[in-house]
Structure formats: C-alpha cells, structure tokens
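Student: give me a model of this one.
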Amino acid sequence: MVIARSFVVLLLLGFCLFQCRKKAENQEGFQKLLTDVEHINGKSVYMNTPYITAGDRVYMVGTQDGAFPELGWHVTGEMGGIWDHPVKLMDGFVATVTSDNQSVCLMKADTFTNFPFANKHVFKTGLKDLVIERTQFVPDGKEAVALEFAFTNTGETDQKITFDFNGYSDLRPVWLGERTNMIDGQDIASWDESSQSWMVKDSLNDWYVTFGSNIKPEKHAKGSISCDYRPKGKGITASIGYSLDIPAGETVLLPITISGSYVSAEKAKETFAEVQKNAAKLLETKKQRYAALAEKTKLAIPDKNLEQTFRWVKYDTDWLMRDVPAFGRGLSAGAPDYPWWFGADSEYALRGLIATGQTEAVLSTIAVLDKLSEKTNGNGRIVHEASTNGAVYNPGNINETPQFASLIATVYSWTGDKNFLKKYFPVIKKGLAWLLKENDKDGNLLPDGFGMMEIHGMNSEMTDVAAYTQKAFADAAFLAAEMGDQTLAKQYQNNADKLRTLINKDFWVAESNSFADFIGTPKQATSLIDDAIVRADTLKKPWAVAELKAAKADIISKNLSAKQGFVVHHNWVVNTPMETGIADSAKALAALKTASKFVNPFGAFVTGIDRDESAGKDESSVAGNNKVFTYTGAVMTLPTGVLAISENNYGQPDAALGYLKRMTKSFSFALPGSIYEVSPDYGMIAQAWNVYSYAVPIVQQFFGIKPQASKQMIRFQPQMPSEWNEASLENVVVGDNEIDVVFKKSGSSEQWNLTQTKESWKVLIAFPKNKYKNWQINGKPVQPKTEGLFNMLEVHGKNVALSLDRN
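Tutor: Next up is the predicted model:
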C-alpha cells in the first residue's frame, strides 16, 4: 500500500510538473510579442508628461513615469485615467512591491518605451536585485486594458515578494454629461469570488469597472490608500495582494485585466473573462493590424527621420479613433482633452487619412458627423464640437459647412463610390443653401461669421471662410456634374468663379503683401487693433505693438468708412487662398514670402503678432512657460502643413519640404512617437490633423497622386524636392486599385516606375510644360500633348516606366 501510495504521489507530481511546465512554456508574455516591433524610448526629462495607451473603445492616459496625476482642463483634472466613453472607469492605479519588509511604490519609472500599439515602463530604482516591467495595451474593440507586470530577479538568490495592486475607480460622465442627465454617483465596490476580482459600480447608474488577475491573490481590501495617491472624485479604492516567488535569474509574469461597461455588470464580466483568457492573442491581432497599417501608403525617402515620422503619424491617427455604439465610430480630435468629435478637425484629418488607405475610418467618421449635425441642425450646417454622449457644444462655425463639401469631394475622388456621393450630396446642397441664406446678409457671396480663428470680434467676412466657400462651390460643381445635374453644376461653378475674383481683389492687401485677416468696417478693424495691441504688449512684442499702432493711425488719417480687407493679427488663415490654390500666382508668391516671416524652428505661428525676435532660433520647450492652458503664442502643425501645401501648389516643393522638416522637429520631442498639438510639447499629446499636414504634401503633391476614381483614372503630377534623388511610395489605395511609385534621379534624368493592380485603369501623366524633354514610356520615345500649363500623356497598363530629362 505504501508503494502504491508513493507511486500515485509521484504520478500526480509528475503530471503537475508537466502541466505547470506546459503552462509556463505556453505563457507568451507581452514582451515576447513586442521584441520585433519598432519602438521609441522616452526622454528622462519628460517622464512626468503624458502618454496614451490607445484603443477604440477604451484608452488609458497617465504619465511616462507610470503615475496617474490629475490631468486636463475640459473636466479639470479628470482627462487622464481610463476612459470608456461616454464614461470614465478609473482615475488610475498604483502598485507596491514589498521585499524584506521594505516597500517601493511603482510611480517613478526609470524608463518609458512607446510602441505603436503598446507601452512599457521599467522600474529599477530602490529595488534590490529586482527589475519590474509594466507593459500594457488595449485590445481592439474591447472595453478593457490588459496589463502585464514582469518581475525579473537579477540576483543569485531566490526572492519572495508581496505585490499589492491598488485600483482607484472614478465612474463618472464625460464632459457635458449634465446635458444628457448623466449624474455622477458614489462608487460602490464588491469582491467577486468567482473571478477573484473587484467589481465597482456607480451607485446611481449601470456603470461598472472590474479588475483582477488569473493568479489567486492572498488578500483583498477596500478603502486602502497606497503611495499617497488620493485622486479627487466619487470613486473608491480597492486593493489586491499577491505573493510571488521569483527564482534567481528568472522572470515571473503577473497579468492584470481592467474591464468596464456603461451598460451592465454582466458585460463588464464577460469582457474581463475574454480579455484575461486571450490577452496574448488579442495583442498579436493588434500587432498584425498595425503592421498592415504601416504597409499602406508606405514611404521610403532619404530623410529617414521624416520617413519614420510619416509612418508614426499613421499610428498616432489610429490612436484617436473613438467607437461609441450609440453614435458610431469616428476620429476624435486629440488626446487627452479633445477625445470627442469635431467638424473642422475631421475635415482636415480625413483628407489626409484617405490618402493613407484608411477608407473605413474615413467613412465611419463622416457618418458620425452627419448624424450629429442632422440631429442638431437639420439644415446642412456641420457641427463644430460634440461630446461622446451626443451633446453638441457648438452647432458649427461658418467654415465647417463648406469644408464638409470639399471633404466629400476628396473622398469621392479617392473611392469613386457613387452610393457614398448619393448619400451626402443632399447634405452638401442643404449646407451651401444655409451658408448663403443665413450668413450672407449683403448678398456678396462672402458669409459672415467665425472661421478657424476663434478670436473675439473676428466674425465678419473671414479669409478662411471665403477661401473654403470658394473651394466648396468648385467641388460641389464637380459633384453635381457627377450626379448628372448640369444646371446646378453651372450655378455652383459660377459662384466659385465669382468668389475667386472677389478674394483676389478684395482680400488682397498690397502694402502688406498678404491676404487680409478679414473684411470689415474701419470701426471693426480699430477695435480689433486695440485688443491686439493689448495682447502684443502683454506678450512683450514691441515690433507688433508699433505695427498695430501705425495701422490704426493710418485708418484714422485716411478717414476710411467703407468695408475693406485688413491685416491685423497675421493669422495663419491668410494663407488659405494659397492652400486652396485660388490665389493669383504673383500674389501667392508674395504672400508666401510674407508668411515665411511668421515662423519659428518648429513651424508657423497661429497668430503672427505672437512672434518675437527669438523665433528664428528658439528650439526650447514651451510647456514649462505656461501655468494656465492657453493657445497664445502657439505654433501648430496645421498652419505649418497649410504652408507646405501652399508652397507645393505654386511649384515650390523645396520650401514645402522645409515646413515638413520644421514640423518633424517636434516628433518624439516629449511623447516618443507623437507630435504635440502645439509645437514642440504643449497642448494635446496626439492630434488628428497632423495626418493632413503630412499626407497631402507627400502623397498628393510630392508623389503627385491625384485620384479620379469615378473615371478609373489617376492623375500623376509629381514634384519632388531637389534633395531627394530616390524615393518610393507603395500600396496607395485608390478605389479598388493600388498604385506604387518609385522615383530615381541621376543628373538631369528622372525615372518614374508606376505599378498598379488594375490594368484597366488609366494614368494621366502631367508635368509643367517646358520643364522636361525626351519623354520615354517603357523605353520608347513618346510625345506628350500640351494642355494649359502642362505637358500630358495618358497611359494604360499595370507597369509604366517613365523616363525624361529636365531642360
């Protein structure tokens, strides 16, 4: 019997060892899945600044050192933590490690690493012979964050440690929650024995968050405060304690899953169980999706810094997708303070996003904007800003309605989807009718009202509103023709032609070599000048004060009375006539030269009078200079991208590249892999419109891919910067076609190899006339036709090799 009993024990022990070893071998840690993924390490001086662990349903915002301080201003101090829009789940969490009766709070990471779809904090300080890595990601489509703590014993003796995980719930509504009767209640926590996790509920709502591990804990407790972390709000703290044996020279993993739901406890539990069980598989799935994202519109150029930035801008844009089932899936504006939907931000960003192959994201975002705008306005006016609970803060600035028309035209040109056009063309017609009927009281085709510059008093006839209205009518004329309505097309084109003439005549201010900030009365101008003088004087910009005083004196001395164009702030929007390409060439070149004065090493000032004498050389941080959130003095990627696009529109790709290089100085400046909203390190840590500022100049202008998908044609009109001797762009999606472009330059000779997947599609090659000679297609001499300012040639086939020489 003793022998038999011993045999059974040995058999059971052997089975256990086999199963445990098998489990260990199959336990694929996050780090193993990330070993071959590109990544960027953070800077030590920015460890106390924010990062984002991005997901479309849930995301997490903390600081690079691993802490969760109060962040943000839309809901003061509450924009960080873990969000499951339209509710917040947690303010954050802290972890404590105890060994030999000494405890260390994991709130001061030594290093931070950002991956395109995950992040890692490494803790070494204060831990004897122990390194702890915290890696995290958010699975696609899941209301959960998956964490993995890896404990590595670097010593020669085994260690036994206690690990306490403290979660701080804060189930509360999103910004403007009160408008939809979302009332925050006190959180209540209960321990779920079956899943060995905490379940927290808002006492007034069916909002839930649950957290725990698949490793059995030794203890759990409510109400404990750890590491002096005391966030504000009506949340509750709850901890889970684990005892871990760490053999010498080995690593032990502890997974933590945090899931939530604003619908039911059952949903939160279901997500918790699924993510806890399949975290590695979900990480692999996200890894593969991001690899596919990188392959679309894949850029290779000599400037590897710009090449890397362009690739990461695609990732950064994906970080901002917000999926809220009640309203849809759409691109938000920025993290952490603008995690909801905007008209203007989307109308820029989506025009860049479509060029990077993200068609579904573009279409779903347009659907969200349309749905919210129709519900709010019902007249074609496009909303400006809407929270994720559906509450609209601003029903729409004037520029957003015409920009929507141009967005639809851009997307249609890339997709050729007639059903898409049929769906949104009625919205465009309503919007353009509203634009003139409600906002153009004097009937001169120039709508009055706020555009992109939300400066008090700047709501007369604004330059950007005028330029975008002109572009909207031109684009709507094209769309009307596509819909078969030639009468309406002619009417729209007539408006566009009149507006182009008006803008070049009435908005041009010759003595300033610039288009005006606005057209208004002398009284409006002097009032704005007085406000601008106070601003410039406060900011200690003596040159601006002197210029403004002289401008005011000039208005008074001339005894002006009629409306006219005025240059007051040198706002970036004065460049929109060049961005849209409607400025006369001579005026455009002069205005672009003027615009080049209002920049610093990172790009263009939003408001030119904020420039100072150090603007030409100052490459320092701006975040440390601002105690209260403000956009005064801001340099941003959008104005800089607009200038890059403008320079390209007038045949100056080298100048355009210069602006791209300025923007790229901000890449990874503070958050590795990202470009801040305000350059180099202020405002939002990720910003949607960055993709517009990069993709349009690179894809559509340098590489010259100008789709006409409804005609199964791509107009190929490149203009390469002179310093690029070779470049390629692969897998550019146009309709059901994809095109690759490979460029090489040697001396005065240029070779372009075009490869497309659809042989039936046409390629219309266009180069400025009198600039090139000796055209050859697939090794055979050809003679292009001259049309207007271009020499053009139409070709067919999957592979086209073009060779030509510069004159």
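
Student: so what's the nearest residue to residue 561 once chain neighbours are set aside scoring on pLDDT?
Tutor: Using C-beta to C-beta, 6 or more residues apart in numbering and skipping residues adjacent in sequence, the residue nearest residue 561 is residue 522, 6.5 Å away. (Glycine included, C-beta is placed from N, CA and C.) We have a pLDDT of 89 for residue 522.

Student: ranges for the strands of the stretch 1-150 of the chain?
Tutor: 40-41, 50-53, 59-63, 81-84, 87-99, 102-105, 111-114, 119-123, 130-137, 144-153 (DSSP state E, counting those that start in this stretch).

Student: counting by contacts, list what the shortest one packs against.
Tutor: Where contact means 3 or more C-beta pairs under 8 Å, 6 or more residues apart in numbering; DSSP states H and E, strand 40-41 is packed against strand 111-114.

Student: chain center to the strand it packs on, what's the gap?
Tutor: Remark: strand 111-114 is offset 20 Å from the chain centroid, using C-alpha atoms, centre = their mean, to the nearest Å.

Student: next: stretch 698-715.
Tutor: Remark: stretch 698-715 is offset 23 Å from the chain centroid, using C-alpha atoms, centre = their mean.

Student: then stretch 356-376?
Tutor: Offset of stretch 356-376 from its chain centre (C-alpha atoms, centre = their mean): 15 Å.

Student: so for it, what gets flagged as buried?
Tutor: 356-359, 361-363, 365-374, 376 (16 or more other C-beta atoms under 10 Å).

Student: measure the residue nearest to residue 561 to residue 77 for me?
Tutor: Per C-beta to C-beta, to the nearest Å, residue 522 is found 45 Å from residue 77.

Student: of these two, which one has the most company?
Tutor: The neighbour count for residue 522 versus residue 77, taken as other C-beta atoms under 10 Å, is higher for residue 522 (18 against 15).

Student: show me the buried residues of stretch 356-376 that map onto helices.
Tutor: Members of those lying in helices (criterion: DSSP state H): 359, 361-363, 365-374, 376.

Student: how about residue 752, what does it touch?
Tutor: By C-beta atoms under 8 Å, 6 or more residues apart in numbering, the residues touching residue 752 are 716, 718, 741-743, 800-803.

Student: name the residues of stretch 299-318 that come out as buried.
Tutor: When burial is assessed from 16+ other C-beta under 10 Å, stretch 299-318 yields the following buried residues: 299, 301, 303, 306-318.

Student: ah, wrong one, I meant stretch 779-797
Tutor: Using 16+ other C-beta under 10 Å as the test for burial, stretch 779-797 gives 784, 790-793.

Student: distance from it to the middle of the chain?
Tutor: Distance, stretch centre to chain centre, for stretch 779-797: 38 Å (C-alpha atoms, centre = their mean).

Student: kindly report the same for stretch 446-463.
Tutor: 25 Å.

Student: cool, and stretch 279-298?
Tutor: In terms of C-alpha atoms, centre = their mean, the centre of stretch 279-298 is found 18 Å from the chain centre.

Student: give me the mean pLDDT for it.
Tutor: Mean predicted confidence for stretch 279-298 is 98.
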